[in-house]
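Chemist: give the three-dimensional model of this entry:
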Amino acid sequence: MINLKNILLIAVAAFVLTSAAFAAKPENPGSNGKAYGHLSKEDRMAAIIAAKNAKVRPVTKAYMYPSDTSTASDARYDYDEDAWGMLLVKHKKDVVKFQGHNLAANKEYTLKYDGNEIGKATSNDEGNLKINGSFAVSWGDYNVEKFTLKADGETELKSRLVRLRGAENED
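Modeler: Now for the predicted structure:
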């Protein structure tokens with residue numbers, strides 16, 4: 001009888017202590033070492049999305065095309081044959097990354113923002129090039145359309161936020 005009583009007391013004590021440990025949920029996510037660990041799956045996803053949306057990410061991705069191409073968003077563009085480039089501006093770190101394709105082979109190109117040089121590079125035998133440079137313009141004065149890429153005697157590329165669609169697949 002005494003052994004049964006002790007076993008019952010131990011079981012009740014374990015239940016009470018376990019319940020108390022799991023009931024202590026922090027109000028602040030992450031204060032228990034597990035961010036959002038106490039929330040339901042739906043609440044956790046909502047909290048993660050809200051946190052991502054609250055971050056300010058001054059990053060711009062733009063495309064560069066010859067200056068004589070259409071600015072319409074439904075325009076077609078031949079990515080296989082004509083010169084084009086992709087521009088990534090990380091304003092928080094004052095960094096610009098550019099990748100150009102189908103350019104003139106073995107030519108020196110200069111990437112500029114509003115007439116100021118960002119960087120120079122020489123295209124390879126296939127007409128591709130990469131330019132990484134620094135960028136120091138206040139975010140309020142920034143306009144992605146002021147980027148240009150130029151080489152002597154070659155078509156100038158200008159930047160746009162809109163990606164022009166390539167030719168449709170024909171089977």
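Chemist: mind listing what the spatially most central residue of the chain touches?
Modeler: In the chain, the centroid-proximal residue (C-alpha atoms, centre = their mean) is Val59; its distance is 6.5 Å. Shown in contact with Val59 (C-beta atoms under 8 Å, 6 or more residues apart in numbering): Leu88, Val89, Lys90, His91, Lys92. No exception for glycine: its C-beta is placed from N, CA and C like everyone else's.
Chemist: also Asn124?
Modeler: Contacts of Asn124 by C-beta under 8 Å, 6+ apart are Ala105, Asn106.
Chemist: gap between it and Thr155?
Modeler: 18 Å (C-beta to C-beta, to the nearest Å).
Chemist: ok, Asn128 next?
Modeler: Distance of Asn128 to Thr155, given as C-beta to C-beta: 16 Å.
Chemist: kindly report the same for Met45.
Modeler: For Met45, the distance to Thr155 - C-beta to C-beta - is 47 Å.
Chemist: neighbour count for those two, which is higher?
Modeler: A direct count of neighbours by other C-beta atoms under 10 Å for Met45 and Thr155 places Thr155 higher, at 16 against 12.
Chemist: how about the more buried one: what's its closest non-neighbour residue?
Modeler: Pro66 (4.6 Å; C-beta to C-beta, 6 or more residues apart in numbering).
Chemist: and Thr122, by the same measure?
Modeler: Glu108 (4.9 Å).
Chemist: can you list the domains in this protein?
Modeler: Residue ranges for the domains of the chain, per the TED database: 28-56, 59-160.
Chemist: most tightly surrounded among those domains?
Modeler: Mean neighbour count (mean count of other C-beta atoms under 10 Å) peaks for domain 59-160 among the domains of the chain, with a mean of 15.
Chemist: so what's the closest residue to Asp68 other than its chain neighbours up against?
Modeler: With C-beta to C-beta, 6+ apart as the criterion, Asp68 has its nearest non-adjacent residue at 7.7 Å, and that residue is Thr155. Contacts for Thr155 (C-beta under 8 Å, 6+ apart) come out as Pro66, Ser67, Asp68, Ala83.
Chemist: rerun that using 10 Å as the cut-off
Modeler: Tyr65, Pro66, Ser67, Asp68, Thr69, Asp82, Ala83, Leu103, Ala104, Leu149 (C-beta atoms under 10 Å, 6 or more residues apart in numbering).
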